[in-house]
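Q: The following comprises the amino acid sequence and a computationally predicted model.
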Amino acid sequence: MLPIPSRGQLEALLEKEGAQAVSNVWKKREEAIKLSNEDPLNYGFELESWKNARESLEVVDSLIVSGGNRSGKTEGAAKFVVEAAMNNPGAEIVCFAQDATASVRTQQRAIYRYLPPEFKQKTKSSVAYLNYSQQNGFTGDQFILPNGSAIYFHMYSQFQANRGKFEGLELGSLNPKVTNIGLWLDEYLDDGDLVKTMVFRLVTRDAKMIISATPVKGYTPFIGSYLKNAETVKTRPAPLLNGEEVPLIQRNHEQNLDIVYFHSDQNPFGGYDRIAKELKGKPRDFILTRAYGIPVKSMTTLFPLFNTAVHVTKERVNVSNQKQWTCYQVVDPAGRRNYVSIWAAVNEKGHVHVFREWPDMGTYGPWAESGDPKWKHGPASDKIGHTVQGYVNLFREIEEEHNVDPYERIGDSRYFARENADNSDLFEEFANKGMYFVPSDGREIEIGVNALDEWFWYNANNPVDASNRPIITIDESCGNLIHALINWGHEGKKDEALKDFVDALRYLRLHNGGDGPDHVNSRSMETTRTGKGGY
């Protein structure tokens, strides 16, 4: 931050202005370093990533800071909070941490570090109260400044145990002089219920929220909901990725929220040289997360290899050529919801491309939405009321749109085989309408999940090319399938709403005795004849 002058610069200064000038340069630099340690709020060094965060906070209501290792996200958030408390009279600011240890050792310690020196002594008056120890943090997990501003520290478990405790708060300041911050959530890993509650504590005083996160284990469904529709508005080259442009700022216009990425190499105090050494030769996704704070997967997903940058394509693949592609349809029906269907094609090299889904996200919205406290079915699942003939007409229409004729149709073996009142089942009902389905493989879910990993696999250490590519790709229009693969995880019934589209892909993967769908051309079923005698 304050480079030492070179020997040549010092010699030139000595010759031109004398020894005192050289001494003054040294004293000025040492004084700046001393002040930055004693009073970092007023004299500390401002990181480039903090400037990006400040710019965002000027124009949006909420800010997510996603940081690489040792990128300075906690320091930056703490400085912003203290600035707001010092300059906005009567402000009320709430800071949440994962547990008591994280609150005292990380969040409270950072806040204390940015208090001006005159407030680092025990203070008690008719308005102000502040008492801090490194071991226990602030007495009562709170403090009040002479201007009436108060900062309160809580844990996420306190909200879960007693939500009523946080009703009636009015966060922020009525008369802000600087950015009006009212809430800081550090390492928030829950489902968003707290945010949905606390956001109404921010509106009265038009205060802002900061969420700081380290995406080492991936992002939560709640954070993922903000990332999904975010537009990248600022990038910079990533030194550890051969100069590849990576995001600095993304904006979710619908939520009036920015995601600012704190890159490790932007913090000269974080030991970046060691970080770079440790990351040498690591996979691209690992580097994106560790060095640039960019989450590449959901932290709950059962498909850690699934990567939208690799498995999802914007390029339209023409699967109508039956010599090159063999088309399949998979249907997973339900009684209370719409049927789920995907269409995929396989070529002679065994590469699978999913090119269509129904109901598609673009037309019908999400199949599953993050709820409280679990996923819930979204608008795409709302039953339209198609009869079997209605589904036949719908499926034919979609296939005409893509100019394909499925070689085989796969139906969920259990649901399709259920007997109706007239003793028929769905296999028979569809067959009577001229559409023939074969039963899906009925093996356990875990077998299908592990088999899908084989389709998703590629060598993440090397560039994706013709020789290093996954078996499967998915058209970007299949938003509900993609969303399910990203978020379906370990939570059992809590994840149930996400499961339907995964089931459809799982049935495709386990088709043909577990080998997956075959490519079939016009000669595949012909008898082979030899030109010589014999049996």
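A: Received, thanks.
Q: which residue sits closest to E187 in space, ignoring its chain neighbours?
A: Sequence neighbours aside, Q98 is the residue nearest to E187 in space, at 5.3 Å (criterion: C-beta to C-beta, 6 or more residues apart in numbering). (C-beta placed from N, C-alpha, C; glycine too.)
Q: I'd assumed Q158 was in contact with that neighbour.
A: No: checked against C-beta atoms under 8 Å, the pair Q98 and Q158 is beyond contact range at 11.5 Å.
Q: Looking at those two, which has the bigger crowd around it?
A: More crowded of Q98 and Q158, by other C-beta atoms under 10 Å: Q98, with 18 against 15.
Q: Next one: the more buried one, what pLDDT does it get?
A: If you check Q98, the pLDDT there is 89.
Q: again with the one 10 residues further on
A: Model confidence at Q108, expressed as pLDDT, equals 96.
Q: Please apply the same query to G448.
A: Per-residue pLDDT puts G448 at 92.
Q: A344 in helix, strand or coil?
A: strand (DSSP: H, G, I helix; E, B strand; the rest coil).
Q: Tell me, how many residues neighbour it?
A: Residues within reach of A344, counting by other C-beta under 10 Å, total 29.
Q: Spell out which residues sit in contact with the closest residue in space to it that isn't next to it in sequence, please.
A: Sequence neighbours aside, V354 is the residue nearest to A344 in space, at 4.5 Å (criterion: C-beta to C-beta, 6+ apart). By C-beta atoms under 8 Å, 6 or more residues apart in numbering, the contact list for V354 reads 342-344, 472-475, 478, 481, 505.
Q: So V354 belongs to a strand, correct?
A: Yes: using three-state DSSP, the assignment for V354 is a strand.
Q: Roughly how far does it sit from V438?
A: Look at V354 and V438: by C-beta to C-beta, to the nearest Å, they are 19 Å apart.
Q: And for T74?
A: Relative to V438, and taking C-beta to C-beta, T74 is found at 56 Å.
Q: These two: which is more packed in?
A: It is T74, of T74 and V438, that has more neighbours when counted by other C-beta under 10 Å, with 21 against 13.
Q: Take the contacts of V354 and keep only those in strands.
A: Counting by DSSP state E, the part of those found in strands is 342-344, 472-475.
Q: Distance to G172 and pLDDT for the residues you listed - can I get that in TSV?
A: As requested, these are exported to TSV (distance: C-beta to C-beta, whole Å; pLDDT from 0 to 100):
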residue	distance to G172	pLDDT
I342	47	98
W343	51	98
A344	51	98
I472	48	97
T473	47	97
I474	43	97
D475	44	97
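Q: Filter those down to the buried ones and express that as a ChimeraX selection.
A: Typed into ChimeraX, the next command selects the buried ones out of those (criterion: 16 or more other C-beta atoms under 10 Å):
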select :342,343,344,472,473,474,475
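Q: Show the average pLDDT along stretch 520-529.
A: 58.
Q: That should have said stretch 232-239, apologies.
A: Stretch 232-239 comes out at a mean pLDDT of 94.
Q: again, but for stretch 368-387
A: The average pLDDT within stretch 368-387 is 86.
Q: For V260, give me the pLDDT.
A: Here the pLDDT value assigned to V260 is 96.
Q: residue contacts, it?
A: Contacts for V260 (C-beta under 8 Å, 6+ apart) come out as 49, 52-53, 56, 63-66, 248-249.
Q: What about these, which one has the most neighbours?
A: V65 (29 neighbours).
Q: Packing partners of the helix-or-strand element of the chain with minimal mean pLDDT?
A: One helix or strand of the chain scores below all others by mean pLDDT, DSSP states H and E: helix 221-227, with a mean of 78. With contacts taken as 3 or more C-beta pairs under 8 Å, 6 or more residues apart in numbering; DSSP states H and E, helix 221-227 sits against strand 244-252, strand 257-262, strand 368-370, helix 479-487.
Q: Go ahead and name everything in contact with it.
A: Helix 221-227 is touched from outside by 64, 188, 190-192, 195, 211, 213, 215, 219, 250, 252, 255, 257, 259, 295, 298, 300, 370, 375, 486-487, with contacts defined as C-beta under 8 Å, 6+ apart.
Q: next one: stretch 143-155
A: For stretch 143-155, the surrounding residues in contact (C-beta under 8 Å, 6+ apart) are 81, 84-86, 88-100, 103, 107-108, 111, 119, 123, 125, 127-132, 137-138, 141-142, 173.
Q: Give me the below-cutoff pLDDT ranges for the stretch 301-450 of the chain.
A: Within the stretch 301-450 of the chain, the ranges that satisfy pLDDT under 70 run 371-373.
Q: which stretches of it form strands?
A: Ranges of strands in the stretch 301-450 of the chain, per DSSP state E, counting those that start in this stretch, are 312-313, 325-332, 340-347, 352-358, 368-370, 375-377, 408-411, 438-439.
Q: Out of these, the one nearest K16 is which?
A: Closest approach to K16 among the strands of the stretch 301-450 of the chain (C-beta to C-beta): strand 312-313, 61.7 Å.
Q: Please compute how far the closest one lies from its chain's middle.
A: Relative to the centre of its chain, strand 312-313 is centred 17 Å away, using C-alpha atoms, centre = their mean, to the nearest Å.
Q: picking that back up, relative to H519, which of the ones in strands among the contacts of V354 is nearest.
A: Nearest to H519 among those: A344, at 11.7 Å, using C-beta to C-beta.
Q: Who does that closest one form a beta bridge with?
A: Y328, V354 (DSSP bridges).
Q: Settle this for me: it is touching T326, isn't it.
A: No: look at A344 against T326 with C-beta under 8 Å: they stay out of range, at 9.5 Å.
Q: Give me the common contacts of these two.
A: Common contacts of A344 and T326, defined by C-beta under 8 Å, 6+ apart, comprise P517.
Q: returning to that earlier point: mind checking which of the contacts of helix 221-227 are buried?
A: Using 16+ other C-beta under 10 Å as the burial test, these include 64, 188, 190-192, 195, 211, 213, 215, 219, 250, 252, 257, 259, 295, 298, 300, 370, 375, 486-487 as buried.
Q: can you pull the buried residues of stretch 471-484?
A: 471-475, 477-484.
Q: residues making contact with it?
A: The contact list for stretch 471-484 (C-beta under 8 Å, 6+ apart) reads 228, 308, 311-314, 316-317, 342, 350-357, 359-362, 366-368, 380, 454-457, 498-502, 504-505.
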